[in-house]
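Novice: Dropping the sequence and predicted coords here.
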Amino acid sequence: MIAYVFPGQGSQAPGMGRELAEKYPAAREVFEEADEALGFALSKLCFEGPAEELQLTENTQPAILATSVAALRAAEAEGLPRPDFVAGHSLGEYSALVAAGALSLRDAVTVVRQRGRYMQEAVPVGAGAMAAVLGADIETVEAACREAAHGGEVCSAANINSPGQIVIAGSAAAVERALPILKERGAKRAIPLKVSAPFHCALMLPAQERLAADLDRVEFRDLGVPLVTNVDAKAIRTGSEARASLVRQVSSPVRWRESLELLTGEGVGLFVEVGPGKVLSGLVRQTAPGARAANVEDEASLRAALAAANESGRAAAGD
């Protein structure tokens, strides 16, 4: 079985999607549609930068989504097999819903630009923070976060990425206090991250409320293939479930490790990361070492993903 997984914020880089658009008409059409939907040349920002403008959250989110959907359409045109499941990391859940037929590209790219803006505006710059914690289990991380949060401050797990990697988020002072506590309790490393806002924690509730109103106006169709959600690490098939999950996702942790474990438990043996970068492929190797990972971000990786899928298909036929 095959799952398509779609990356989230942090995978952006100037030049992303350019080769796909040059070589595959289906990918080029995605960027043209995204440019038209947003009313500015998002494609130029993806292909050329500048990096500082691409890093702005309200630009990053539609840029990664458009690049991911362009990679998807190129892969489909070249015959990559239809997935048995889809999933996406944070923002990537929107790309996954486009892949599953639940959201139109136009609606998705428009709403994630607003999502980025709302998340950026929810917390004053410098008031929130995030940090990566390596080599600590979730119970240790949650206990340290509770201890570090004083007087109504927020500090909690934001991304549960793999057995050895958890990202925390919250009030800047609380996150800073949590780092030495985590190191004392056996974490190998606890590293502040350069981010523009503290995503996936209670400080994002104002953004969640604003986004919910936008999502209520968007048409969600039932899914052509099941999607494993970030918020519950469970497979869904209906448009109403998808909308509700996207609302809750803004202030809830991304349960990525559990999502991968569910997928491998369902029999997924090949994960194809569709979009810029290889972050999710690395998390597959950490969480599901028995599974294979491939990615699609340019012509060479697309060819390699096709070969991996064909090999996976032959292996399944031989079982």
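Specialist: Yep, it's here. These numbers come from a predicted model, not from an experiment.
Novice: C-alpha from now on. contacts and neighbour counts both.
Specialist: Fine.
Novice: show me where the stretch 151-300 of the chain has helices.
Specialist: Assigned by DSSP state H, counting those that start in this stretch, the stretch 151-300 of the chain shows helices spanning 172-184, 205-216, 239-249, 256-265, 279-287, 299-318.
Novice: For the ones you listed, please prepare a markdown table with the additional fields mean neighbour count and distance to Phe85.
Specialist: What follows is the helices of the stretch 151-300 of the chain, written out as a markdown table (neighbours: other CA atoms under 10 Å; distance: least, CA to CA, whole Å):
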| stretch | mean neighbour count | distance to Phe85 |
| --- | --- | --- |
| helix 172-184 | 20 | 35 |
| helix 205-216 | 17 | 23 |
| helix 239-249 | 19 | 14 |
| helix 256-265 | 21 | 8 |
| helix 279-287 | 19 | 15 |
| helix 299-318 | 15 | 14 |
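Novice: contact partners of stretch 141-148?
Specialist: Cys155, Ser156, Ala157, Ile166, Ala174, Val175, Arg177, Ala178, Ile181, Leu182 (CA atoms under 8 Å, 6 or more residues apart in numbering).
Novice: rewinding a little: I'd like to know which of the helices of the stretch 151-300 of the chain is closest to Tyr94.
Specialist: Tyr94 lies closest, by CA to CA, to one member of those: helix 239-249, at 8.1 Å.
Novice: Quick check: mean pLDDT of the closest one?
Specialist: The pLDDT scores in helix 239-249 average 97.
Novice: swap in stretch 59-75?
Specialist: Across stretch 59-75, the per-residue pLDDT values average to 97.
Novice: same thing with stretch 266-281?
Specialist: For stretch 266-281, mean pLDDT is 96.
Novice: so how far does stretch 248-257 reach from one end to the other?
Specialist: The straight-line separation of the ends of stretch 248-257 (CA to CA, to the nearest Å) is 18 Å.
Novice: mind checking how far that stretch is from the chain centre?
Specialist: Remark: stretch 248-257 is offset 10 Å from the chain centroid, using CA atoms, centre = their mean, to the nearest Å.
Novice: For burial, what's the neighbour tally of Ala77?
Specialist: Other residues lying near Ala77 total 13 when counted by other CA atoms under 10 Å.
Novice: so it touches Ala26, yeah?
Specialist: Yes. Counting by CA atoms under 8 Å, Ala77 does reach Ala26; the two are 7.1 Å apart.
Novice: Who are the contact partners of Ser95?
Specialist: By CA under 8 Å, 6+ apart, the neighbours of Ser95 are Phe6, Leu65, Ser68, Val69, Gly88, Ala108.
Novice: Please give the element, helix or strand, for the closest residue in space to Glu299 that isn't next to it in sequence.
Specialist: Distances taken as CA to CA, 6 or more residues apart in numbering place Leu20 nearest to Glu299, at 6.6 Å, with adjacent residues excluded. Assessed by DSSP states H and E, Leu20 sits inside helix 18-23.
Novice: Show the average pLDDT along that helix.
Specialist: The model assigns helix 18-23 a mean pLDDT of 97.
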